[in-house]
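Enquirer: From the sequence below, what's the structure:
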Amino acid sequence: MRRLNIVIAGIVLACIGLSGCGNTKNISEKSTQPVIEKVQEKEVSVNLKSIENSYKQMSEVFSQKFQNNVLEQINTLKKSGSYRIDKPLAIYNPFGTVDNGLYLYFQTEDASYIEYTVETEGYGSFTRILNNDCENNLATEHEYMLIGAIPGQENKISLNQYNKDNRLVSTIKFDYNAPELKNDYGYQCKMEKGDSSQALSDGLYVSFSNGISMFDNGGVIRCIMPVQSSMPHRLVFDEDGSLYYAASKNKLVRMERTGYVSNIYNTGKYGLHHDVIMGENNKIILCGTGKSGESEEDLIITIDRVTGEVEKMVDFREMFSEYYNNTTWGKFTSKRLDWFHINGMTLTDEGDLIISAREISIILKITDIYNEPKIEYILGSDNFFKNTEYEKYLYKPVGEKFSLHTGQHSVDYITDESLEKGQYYLTLYNNNMANSTYGATTYDWSADDNYFGATFLGKIVDNDEVDSYYYKYLIDENKKTFELVDSIPVDYSAIVSSAQLMNNGNVITCSGMKKSIAEYDSEGKLIAKFTGIGEGMIYRCYKYDLKGKWFK
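Expert: Below is the predicted model of the structure:
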């Protein structure tokens, strides 16, 4: 049997697919589970097609000219032959967006859905049902980007075809020698099991550093997506399942399930950093930075994903003008004044914006964001804001006394049916470093009794004597209070990092400076910790099951 031999660089992203739907109307879903019957397995030889997609740097990849040229070549190949499941059109990472992704295109006589498995000696297996966006997930035309293969290894790939009755009708197998990648960290994280007997949540851990890496519950890296520069800190999807992420400081891209970048939004004079969320009326909301020579990371901007128009939504130099006008260029400031430093955003059910500002250790709620943004409340130190115009916005900490969040990241909004109207939760990663990193203020954080057990460093250093924390606040807008209702000590990280509360109650934390990603059960007991992911610090890690997007 001839094997796929490809010499390029790459790793694996989730199976992504765009498919032609068959005539699936009036098909009833009698069973939601596949029916496994003995069918003949067919081992085949799959030949890779070559296309012209060479590039010298990632800026070429993230250009519409490059993407459209590759798409045109693929469309020509699709028209030039008859491709079946046992003889698919196969191309290695054609669009340059999935390092090691294997593009497949084929047709089936009957409307079907496809489950695939990648097995690699020493790395276990990876199985997913591919989403084709057709009714009941049944299609006659299939187009996917497979992820899961291990670079430099012999991977055995199986394609299981199921019919409208969820019955297995064929199994195709082939070997795939995935291209070697140049890295020093391998393709499997070190996994340390904790004391909890609870299971890890479903999905892939997605870590953001100098690119995007995805790994499974066994710590095996299943996908790496390169970027032009280190900017992405979250993935967001539209109603069609297309993925949006920052590919550089001035580019937000929209990637289809095949790996094709269908839209490139250039933000012009505004730089991107840290976070992106989906807003209303086709607006994408992003953390922004002004042009060179100005202060940084103190703007919220929007991109209209239909027109591409870029607008400024909030300028915190204006909203916090009293404080901003009294900041100074501290000893750690280089070419920009980093006085506010937005590093996380979330939207409430009412469409209000909640942000995290690292440099002054506040959580801030803003209303009427599309018209005349206004401060609703601030979670922060009453000492820091004493005798200022912002003092009136402060919510009061209640319950058992706790050290306030400081240098925090990754705020998220959580609702619960058991709560009263006006109540909700906020989760965050409390870095527990109480000082302005870049010295924009002379405020003495160490003298503030709102913080205890925190670090007061004056510069970014490691520290093994203190912890960072996962925090969960109960916000009561009726009483204007906030209460710490859950806290988990985690590996200390002075900067970067993230926290995420999963639907099953598990908590995922990323201590970026320690390069450790951990998952805890609902009682705060460690289930597993992963280390040795990629190079450099990890800015964030979130877990995505990708169901209804790349997978079914």
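Enquirer: So what's the residue count around residue 359?
Expert: As a burial measure, residue 359 scores 23 neighbours (other CB atoms under 10 Å). Heads up, the C-betas are built off the backbone N, CA and C, glycines and all.
Enquirer: Actually, residue 416.
Expert: Look at residue 416: counted by other CB under 10 Å, it has 9 neighbours.
Enquirer: show me the contacts for it.
Expert: 424, 425 (CB atoms under 8 Å, 6 or more residues apart in numbering).
Enquirer: pLDDT value on residue 326, please?
Expert: Model confidence at residue 326, expressed as pLDDT, equals 86.
Enquirer: which SS class is it?
Expert: Here residue 326 is coil, with the state taken from DSSP: H, G, I helix; E, B strand; the rest coil.
Enquirer: which non-adjacent residue is nearest it?
Expert: The shortest distance from residue 326 to any non-neighbouring residue, by CB to CB, 6 or more residues apart in numbering, is to residue 441 (7.9 Å).
Enquirer: Check the one you found and give its pLDDT.
Expert: Each residue has a pLDDT score; the one for residue 441 is 78.
Enquirer: How many residues are close by residue 367?
Expert: When counting by other CB under 10 Å, one arrives at 16 neighbours for residue 367.
Enquirer: sorry, back to before: looking at it, the residue nearest to residue 326 is touching residue 339, isn't it?
Expert: Yes. Contact between residue 441 and residue 339 holds when scored by CB atoms under 8 Å: they sit 7.4 Å apart.
Enquirer: Have a look at these two and say which one is more surrounded.
Expert: Counted by other CB under 10 Å, residue 441 and residue 339 do not tie: residue 339 has more neighbours, with 28 against 18.
Enquirer: Which elements pack onto the helix ranked longest in the chain?
Expert: If you go by DSSP state H, the chain has its longest helix at helix 64-80. Contacts defined by 3 or more CB pairs under 8 Å, 6 or more residues apart in numbering; DSSP states H and E place helix 64-80 against strand 89-92, strand 102-120, strand 261-266.
Enquirer: Distance across stretch 124-141, terminal residue to terminal residue?
Expert: End-to-end distance for stretch 124-141, by CA to CA, to the nearest Å: 30 Å.
Enquirer: Buried residues in that stretch, which are they?
Expert: Buried residues in stretch 124-141, counted by 16 or more other CB atoms under 10 Å: 126, 128-134, 136-141.
Enquirer: Kindly reformat those as a markdown table containing pLDDT, secondary structure and distance to residue 393.
Expert: Shown next, in a markdown table, are the buried residues of stretch 124-141 (pLDDT from 0 to 100; DSSP: H, G, I helix; E, B strand; the rest coil; distance: CB to CB, whole Å):
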| residue | pLDDT | secondary structure | distance to residue 393 |
| --- | --- | --- | --- |
| 126 | 98 | strand | 49 |
| 128 | 98 | strand | 46 |
| 129 | 98 | strand | 48 |
| 130 | 97 | strand | 49 |
| 131 | 95 | coil | 44 |
| 132 | 93 | coil | 49 |
| 133 | 90 | coil | 45 |
| 134 | 94 | coil | 50 |
| 136 | 95 | helix | 51 |
| 137 | 96 | helix | 49 |
| 138 | 98 | coil | 54 |
| 139 | 98 | strand | 53 |
| 140 | 98 | strand | 58 |
| 141 | 97 | strand | 55 |
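Enquirer: Go through those and say which is closest to residue 465.
Expert: residue 126 (39.8 Å; CB to CB).
Enquirer: who's in contact with that closest one?
Expert: The contact partners of residue 126, by CB under 8 Å, 6+ apart, come to 117, 118, 147, 148, 216, 220, 222.
Enquirer: The helix or strand hosting residue 541: partners in the sheet, and parallel or antiparallel?
Expert: Taking DSSP states H and E as the criterion, the element that holds residue 541 is strand 540-544. When pairing is defined by DSSP bridges, strand 540-544 lines up against strand 204-209 (antiparallel).
Enquirer: Give me the contact list for the strand it pairs with.
Expert: With CB under 8 Å, 6+ apart as the test, strand 204-209 has contacts from 14, 212-216, 222-223, 230, 232-235, 508, 510, 517, 530, 533-546.
Enquirer: which of these are buried?
Expert: Of these, these count as buried by 16+ other CB under 10 Å: 14, 212-216, 222-223, 230, 232-235, 508, 510, 517, 530, 533-534, 537-546.
Enquirer: how far away is the closest residue to residue 81 other than its chain neighbours from residue 394?
Expert: Using CB to CB, 6+ apart and skipping the chain neighbours, the partner closest in space to residue 81 is residue 89 (7.0 Å). Using CB to CB, to the nearest Å, residue 89 is found at 61 Å from residue 394.
Enquirer: now residue 542
Expert: Look at residue 542 and residue 394: by CB to CB, they are 30 Å apart.
Enquirer: Of the contacts of residue 126 - the most surrounded one?
Expert: residue 148 (31 neighbours).
Enquirer: helix, strand or coil for that residue?
Expert: Strictly by three-state DSSP, residue 148 counts as coil.
Enquirer: That one contacts residue 124, doesn't it?
Expert: No. If you go by CB under 8 Å, residue 148 and residue 124 don't touch, sitting 10.1 Å apart.
Enquirer: Need the overlap of contacts for the two.
Expert: Residues touching both residue 148 and residue 124 (CB under 8 Å, 6+ apart): none.
Enquirer: List of residues touching stretch 311-320?
Expert: Contacts to stretch 311-320, defined as CB under 8 Å, 6+ apart, come from residues 270, 285, 288, 295, 298-302, 304, 324, 340, 342, 353, 357, 366, 369-370, 373, 375, 390.
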